[in-house]
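J.: Have a look at this prediction, sequence included:
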Amino acid sequence: MDSLYGIFLYAIYLLTMGGIYAVLVMGLNIQWGFTGLFNAGIAGFFAVGAYTSAIISTASSGRHLGGLSLPLWASLPGAMIASALIAWAVAWICIRLRSDYLAIATLGIAEILRLVLKNEDWATNGARGISRIPKPFEDLPEPWNQIAMLLLVLAILLVLYLLLERARRAPWGRVMTAIRENEAAARAAGKNVEGFRIEAFVLGGALMGLGGALMAHHVKFIDPNMAEPLSTTFIVWVMLIIGGSGNNKGALFGAFLVWTLWSTSEIVTTRLPAEWELKSAYLRFFLVGLALQIILQRYPAGILKEHRPIGK
Amino acid sequence: MNELIGFVNFHLIPGIVLGSIYALGAIGLTLTFGILRFANFAHGETMTLGAFVALVVIDLTNWHVLATLPFAMLLTVLTVLVMDRLFFRPLRTGPTVILLIASFGLMLMMRSAIQIIWGVDLETLSKGLAIPWVLFESLRIFPKHLLIVGAALLLMLGVHGLLRHTPIGKAMRAMSDSPELARMTGIDTERVVMATWITGAVLAAAAGVLLAYDTHLDSRMGFRVLLPIFAAALLGGLGRPYGAMAGGLVIGVAEELSTYSWIGDGPLVSPGYKSGVAFAIMIALLIWRPSGLFRGRVF
């Protein structure tokens, strides 16, 4: 019975984390899938969201900025606004240039944000991170607190999915596709290409901030290594490309699929002898990179292809 | 006087050394961008690979660091050519942004592979304490700094010779200027692409070895310098190798000078933010002058 219960709790953990990643992937889907904007700094937006919500929601500790002790309805929007502002600044600088410039600038902003989080002790407690972040429903008894958190994440995901599906079919979404497919034509049709691009980038950045906030509340602890540029950014990219970029269902599917594979493979590797455990952690990253290359070459559309809405 | 000597010893000379290393890295990056039209995120890891090959050769033979350069270059070139064949060539006909994603994936793969083979610990190429030459009783020059700058200058002269005086170099410049025109005049584009990878890998390997010689090496060194090198390439104007040389030097010197006590007693920029200097320069460029200092092209 005990092991069954353990598996049940693990499944809830898996789904909750998968759901949080799905929020990030949906954010990237707006940027890359809909509009074709490359973001190499997902980890940065994610970290800004996580730290903002931590600072808004934690009790006063003297080791970092905060002490507001505000509830979830303040910390989640706060995180989204903070990430959106940074996304807006990056977009404003780079949006008229080729995607390569945006890629370099986003990579840079993620690295700078990591430096700020690490060096500004007064605000972020530096490398020691922020702990005791309140988790919603943590006062409930054992399985119910986990279940309630999962339901919260899934509810947010459902709302996002419905909104984004609607946006994708609406004129707004079709302009995004037009910009991605043929910028000159979209411009000739009188669309404000820069404006729409900035909108997409900011919206995607806000969702990444939301993902970061959810992660901070779920894990209850954050430190600058969360913004380790490669791991977070990379996993989210792989999730979207494998699931099918441009397709919201694909984004959801990719997030849960890749997270399940990633997390369950860890169970295997932690049982290896210590020396191999470390190496197998790097091997997992290598395989994720390889999976991305294979998908790019063989199945560039991903598992679930993009369905273009057809005008009446 | 002491002030000036301290400035030269601890900021200007290290800046020039770092700058010439950045310059080598930035030339490869800018060539790849000019000819293959994508920002190669795996370039930093290519440098790391070169440094670790040098480490292996030194462990086996105990040679001088500079003597390991040919081996580091050779193995790095081979690896890069295999990577091009496996991961970039199949995608070459599609949109270039897919190449960008592939290079992003390759960055992770190369780093993981390096971590699996060599681990994540700090290593050094030259054991023992370096003793500087003292000139005029206070100016200190480390022999290794002279060797690094000398090697970098020789390599840059080599690049100059290649681009100006060899048919393949001229073809590279032609393709960088206009791929369509180059193709129409009968230039074998696959050969040019190969030459670009080889040149970039040779310089990246050298940059990695020299950087490891100057400080130390670990599996993340390439990623750490990727941003300054991008900034250097942007500063010189993307696709312009001579610009990249100047850009590298400027970024290297700017990083080292930023920690000098220009105002008051403390460093102007706290050392924790040293790598932010390149980023700040880059952002300023993107806002006001995306074509770089020398009015290159904006892609």
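T.: Arrived safely.

J.: near chain B, which residues of the stretch 51-200 of chain A?
T.: Within the stretch 51-200 of chain A, the positions near chain B by Cβ under 8 Å from any Cβ of the partner chain are A:93-94, A:97-101, A:103-105, A:107-109, A:111-112, A:115, A:118-119. C-betas here are computed from N, CA, C, even on glycine.

J.: how about 6 Å then?
T.: Neighbours of chain B within the stretch 51-200 of chain A, by Cβ under 6 Å from any Cβ of the partner chain: A:93-94, A:97-100, A:103-104, A:108, A:111-112, A:115, A:119.

J.: Export these to CSV and append columns for secondary structure and neighbour count.
T.: Converted to CSV, these look like this (DSSP: H, G, I helix; E, B strand; the rest coil; neighbours: other Cβ atoms under 10 Å in any protein chain shown):
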residue, secondary structure, neighbour count
A:Ile93, helix, 20
A:Cys94, helix, 26
A:Leu97, coil, 15
A:Arg98, coil, 19
A:Ser99, helix, 20
A:Asp100, helix, 23
A:Ala103, helix, 25
A:Ile104, helix, 28
A:Gly108, helix, 28
A:Glu111, helix, 23
A:Ile112, helix, 19
A:Leu115, helix, 19
A:Asn119, helix, 17
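
J.: Most widely separated two among the residues you listed?
T.: The most widely separated members of those, counting by Cβ to Cβ, are A:Arg98 and A:Asn119 (31.8 Å).

J.: Would you point out the helix or strand in chain A whose mean pLDDT is lowest?
T.: Here the helix or strand of chain A ranked lowest by mean pLDDT, DSSP states H and E is helix A:121-124, holding a mean of 74.

J.: other SSEs contacting it?
T.: Taking 3 or more Cβ pairs under 6 Å, 6 or more residues apart in numbering or on different chains; DSSP states H and E as contact, there are no helices or strands that helix A:121-124 lies on.

J.: Please name the residues that touch the nearest residue to B:Asn9 once chain neighbours are set aside.
T.: With sequence-adjacent residues excluded and distances taken as Cβ to Cβ, 6 or more residues apart in numbering or on different chains, B:Asn9 is closest to B:Arg140, at 5.1 Å. B:Arg140 is in contact with B:9, B:132, B:134, counting by Cβ atoms under 6 Å, 6 or more residues apart in numbering or on different chains.

J.: Give the residue spans of the stretch 101-250 of chain A that score low on pLDDT.
T.: Applying pLDDT under 70 to the stretch 101-250 of chain A flags the ranges A:227-229.

J.: ranges for the helices of it?
T.: With DSSP state H, counting those that start in this stretch as the criterion, the stretch 101-250 of chain A has helices at A:121-124, A:142-169, A:171-181, A:183-188, A:193-219, A:229-243, A:248-270.

J.: could you dump these to CSV with distance to B:Leu36?
T.: Shown next, in CSV, are the helices of the stretch 101-250 of chain A (distance: least, Cβ to Cβ, whole Å):
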stretch, distance to B:Leu36
helix A:121-124, 40
helix A:142-169, 33
helix A:171-181, 22
helix A:183-188, 21
helix A:193-219, 25
helix A:229-243, 21
helix A:248-270, 28
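
J.: Give me the next element, helix or strand, following the lowest-mean-pLDDT helix or strand in chain B.
T.: In chain B, no helix or strand scores lower on mean pLDDT, DSSP H and E than strand B:133-135, which sits at a mean of 75. Following strand B:133-135 in sequence order, the next helix or strand is strand B:139-141 (DSSP states H and E).

J.: Quickly run through the sheet partners of that next one, with directions.
T.: Under the criterion DSSP bridges, strand B:139-141 sits next to strand B:133-135 (antiparallel) in its sheet.

J.: May I see the buried residues of stretch B:132-142?
T.: B:Phe142 (16 or more other Cβ atoms under 10 Å in any protein chain shown).

J.: now the end-to-end length of that stretch.
T.: 4 Å (Cα to Cα, to the nearest Å).

J.: Pull the distance from that stretch to the chain's centre.
T.: 28 Å (Cα atoms, centre = their mean, to the nearest Å).

J.: Skipping adjacent residues, who's closest to B:Gly276 in space?
T.: Nearest to B:Gly276 is A:Ile112, by Cβ to Cβ, 6+ apart, at 5.5 Å.

J.: what about the one you found, distance to A:Glu138?
T.: 33 Å (Cβ to Cβ, to the nearest Å).

J.: which secondary structure element contains the closest residue to A:Thr260 other than its chain neighbours?
T.: Nearest residue to A:Thr260, sequence neighbours excluded (Cβ to Cβ, 6+ apart): A:Leu14, at 6.0 Å. Using DSSP H and E, A:Leu14 sits within helix A:2-28.

J.: So which bits of that helix are buried?
T.: For helix A:2-28, by 16+ other Cβ under 10 Å, it's A:12, A:14-28.

J.: just stretch A:298-312 next, same as before
T.: So, applying 16+ other Cβ under 10 Å, buried residues of stretch A:298-312: A:302-304, A:306.

J.: What is the most widely separated pair among those residues?
T.: A:Ile303 and A:Glu306 (11.5 Å).

J.: Now render the residues of the stretch 51-200 of chain A next to chain B as TSV, adding distance to B:Glu256.
T.: As requested, those are exported to TSV (distance: Cβ to Cβ, whole Å):
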residue	distance to B:Glu256
A:Ile93	26
A:Cys94	27
A:Leu97	29
A:Arg98	31
A:Ser99	32
A:Asp100	28
A:Ala103	27
A:Ile104	22
A:Gly108	19
A:Glu111	19
A:Ile112	19
A:Leu115	17
A:Asn119	19
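
J.: Let me know the closest of those residues to B:Gly161.
T.: Distances from B:Gly161 to these, taken by Cβ to Cβ, are shortest for A:Asp100, at 28.8 Å.

J.: Cool, thanks, talk later.
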